[in-house]
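Participant: Here is my input; please provide its structure:
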Amino acid sequence: MSHLDKNLILSEIMIDKNSPEPFHLQLYKTLKRIIIKHRLEAGYALPSERQLSNTFELNRNTVHRAYQTLQDEGFVSSRPGSRGLFISEDAKSLYQPSFPCIGILLTCSFSDFISKGNKLGMNYLSGVIDRANELNHSTMIVNLPHLSTSKEKVLEWRNDLISRLCGIIYFGDRGIENDFAFESLVTYKNLPQVFVSAHSKHTNVSSVVADVRSGGMAAAELLRENGHRKIGMILPALGIERDWGFINISHERQHVMKKCLESCGIQVKPECITRECNDLTAITQQLDLILDSNDAPSAFWCQNDFTALCALDYFKARNIKIPEDISLFGFDDIEEAAQSNPPLTSIRTGTYTIGRNAIDLVIDLLENGRPGESRTIKVPTSLSCRQSISKVKHELMEV
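Facilitator: Model prediction:
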């Protein structure tokens, strides 16, 4: 942190006058810990020997010995024409721990994480862990302190955690605004922070997300080629769209898909969009109204494959054939999509690749980035074409 207040550095220095350990070693160790913790940039001026000597009532030779050890190790150096010592150009290479470890923040139990994502979460996580192993980095699950933990204890937890990590990858938050533990960690600018399939309001947080447009355009072009000019959307409950914490990109998906379809001349009318469709009952109530109208769409896109599979059950119950009567496609390309009857066309998100990219981004930020720098990586999506999309019946096609 290039503009770190020197008074903050001084406040973090601890010298135990009753310890048998020599003062110069205590000072050297605590200065080294502070430099690595804050990942101070090259050129940052450290407090002068005189200032440290006066503040902590130490002999100037004691301070000089501590600084000399830091200089010998390559953390600090002098500059021609300038007094004092500065963080060296080579210090950054020394910040990574001897046994580097990347934290994985889960805000629920591991079993809940897997079940909620129904294998998608495990695909993300597998990508993260596999890529870390390939690069000889360890990973550890990070748990946030209980909400009742005092702010003082939270900061103690955070400072201890970041001293052991070279980056953190987030898979969610606790869904609570003004969560002090989450905010104290995510706003720490001198540690690479990456959100998986989400964005943050904080400018220091990076993201790795699926590029909905690439797969969305492939789907839209396929529909256009098959004569579809009007489609509906079946959307599950997505929760409240928020601008704090872990901002999931799920809300963006439908907007991007709508633009892809419209760019190919395909209408998505508001009256053909169902919402809050988390079960067969909700789907039945809303789709009955749409399909019984005189202006029914020839295809439906579903926000995810779970919703699409539920919709497939609805169409079977109404004796509506897929794709002969109506085309249907989903998003995520889960295993069940390929095994359904008929096999479901779906947009593949590359969850495993997203996880791998998250690790690469953490390491690149650590080695080549600036403190507080953020980047966004978009991983292309693709279309898995199966038997649930076909040509529109002749009488429904535009002349």
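Participant: which residues sit in contact with residue 31?
Facilitator: By Cβ atoms under 8 Å, 6 or more residues apart in numbering, the contact set of residue 31 is 13, 46, 66-67, 70. C-betas here are computed from N, CA, C, even on glycine.
Participant: export these to CSV and tack on distance to residue 330, secondary structure and pLDDT?
Facilitator: Shown next, in CSV, are the contacts of residue 31 (distance: Cβ to Cβ, whole Å; DSSP: H, G, I helix; E, B strand; the rest coil; pLDDT from 0 to 100):
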residue, distance to residue 330, secondary structure, pLDDT
13, 57, coil, 92
46, 57, coil, 92
66, 62, helix, 96
67, 62, helix, 95
70, 57, helix, 96
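Participant: and of those, the nearest to residue 32?
Facilitator: Nearest to residue 32 among the contacts of residue 31, counting by Cβ to Cβ, is residue 70 at 6.4 Å.
Participant: what residues are up against the closest residue to the closest one other than its chain neighbours?
Facilitator: Distance criterion Cβ to Cβ, 6 or more residues apart in numbering; nearest residue to residue 70, sequence neighbours excluded, is residue 76 at 4.8 Å. Neighbouring residues of residue 76 by Cβ under 8 Å, 6+ apart: 35, 46, 67, 70, 85-88, 91.
Participant: send the alpha carbons of the helix or strand encompassing residue 35 over as CSV?
Facilitator: Residue 35 belongs to helix 23-38 when assigned by DSSP states H and E. C-alpha atoms of helix 23-38 as CSV (Å, rounded to 0.1, in the frame of the first residue of the first chain):
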residue,chain,number,x,y,z
PHE,A,23,15.8,-6.1,20.5
HIS,A,24,17.3,-5.9,17.0
LEU,A,25,15.9,-9.3,16.2
GLN,A,26,12.4,-8.4,17.5
LEU,A,27,12.5,-5.2,15.5
TYR,A,28,13.7,-6.9,12.4
LYS,A,29,11.0,-9.6,12.6
THR,A,30,8.1,-7.2,13.3
LEU,A,31,9.2,-4.9,10.4
LYS,A,32,9.5,-7.8,8.0
ARG,A,33,6.0,-9.0,9.1
ILE,A,34,4.6,-5.5,8.5
ILE,A,35,6.3,-5.2,5.1
ILE,A,36,5.0,-8.6,3.9
LYS,A,37,1.5,-8.1,5.4
HIS,A,38,0.9,-4.8,3.6
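Participant: would JSON lines of the contacts of residue 76 with neighbour count and distance to residue 167 be doable?
Facilitator: Shown next, in JSON lines, are those (neighbours: other Cβ atoms under 10 Å; distance: Cβ to Cβ, whole Å):
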{"residue": "35", "neighbour count": "20", "distance to residue 167": "18"}
{"residue": "46", "neighbour count": "21", "distance to residue 167": "25"}
{"residue": "67", "neighbour count": "24", "distance to residue 167": "29"}
{"residue": "70", "neighbour count": "21", "distance to residue 167": "24"}
{"residue": "85", "neighbour count": "21", "distance to residue 167": "28"}
{"residue": "86", "neighbour count": "18", "distance to residue 167": "26"}
{"residue": "87", "neighbour count": "22", "distance to residue 167": "20"}
{"residue": "88", "neighbour count": "21", "distance to residue 167": "22"}
{"residue": "91", "neighbour count": "23", "distance to residue 167": "18"}
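Participant: And the furthest pair within these?
Facilitator: Pairwise distances across these (Cβ to Cβ) peak at 13.5 Å, for the pair 67 and 91.
Participant: about what we covered before: quick check: mean pLDDT of the helix or strand just after the helix holding residue 35?
Facilitator: Downstream of helix 23-38, the first helix or strand assigned by DSSP H and E is helix 49-56. Across helix 49-56, the average pLDDT comes to 94.
Participant: what about the spatially closest residue to residue 89 that is not a sequence neighbour, how many neighbours?
Facilitator: Excluding the flanking residues, the one nearest residue 89 by Cβ to Cβ, 6+ apart is residue 42, at 4.7 Å. Using other Cβ atoms under 10 Å, residue 42 has 13 neighbouring residues.
Participant: still on that earlier bit, just the buried residues of the helix holding residue 35, please?
Facilitator: 23-24, 26-28, 30-32, 34-38 (16 or more other Cβ atoms under 10 Å).
Participant: still on that earlier bit, need phi/psi at the residue nearest to residue 70.
Facilitator: With angles defined as degrees, to the nearest 10, residue 76 sits at phi -130, psi 160.
Participant: for residue 328, same thing?
Facilitator: Torsion angles, degrees, to the nearest 10, at residue 328: phi -150, psi 140.
Participant: and it, how many neighbours?
Facilitator: 26.
Participant: How much space separates it from residue 280?
Facilitator: The spacing between residue 328 and residue 280, counted by Cβ to Cβ, to the nearest Å, is 15 Å.
Participant: Could you do residue 239 as well?
Facilitator: In this view, residue 239 and residue 280 are 21 Å apart by Cβ to Cβ.
Participant: Which of the two has more residues huddled nearby?
Facilitator: When neighbours are counted by other Cβ under 10 Å, residue 239 and residue 280 differ, and residue 280 comes out ahead with 13 against 10.
Participant: so who does residue 293 touch?
Facilitator: Contact partners of residue 293, counting by Cβ under 8 Å, 6+ apart, are residue 271.
Participant: show me where the stretch 251-399 of the chain has strands.
Facilitator: Along the stretch 251-399 of the chain, counting by DSSP state E, counting those that start in this stretch, strands occupy 273-274, 299-302, 327-332, 345-348, 376-380, 382-384.
Participant: now the first one: mean pLDDT?
Facilitator: Mean pLDDT, taken over the full extent of strand 273-274, equals 95.
Participant: Identify all contacting residues around that strand.
Facilitator: Residues outside strand 273-274 that contact it (Cβ under 8 Å, 6+ apart): 232-235, 282-283, 286-287, 290.
Participant: try it again with 6 Å
Facilitator: With contact meaning Cβ atoms under 6 Å, 6 or more residues apart in numbering, strand 273-274 is reached by 233-234, 286.
Participant: Show only the entries of these found in helices.
Facilitator: Members of the contacts of strand 273-274 lying in helices (criterion: DSSP state H): residue 286.
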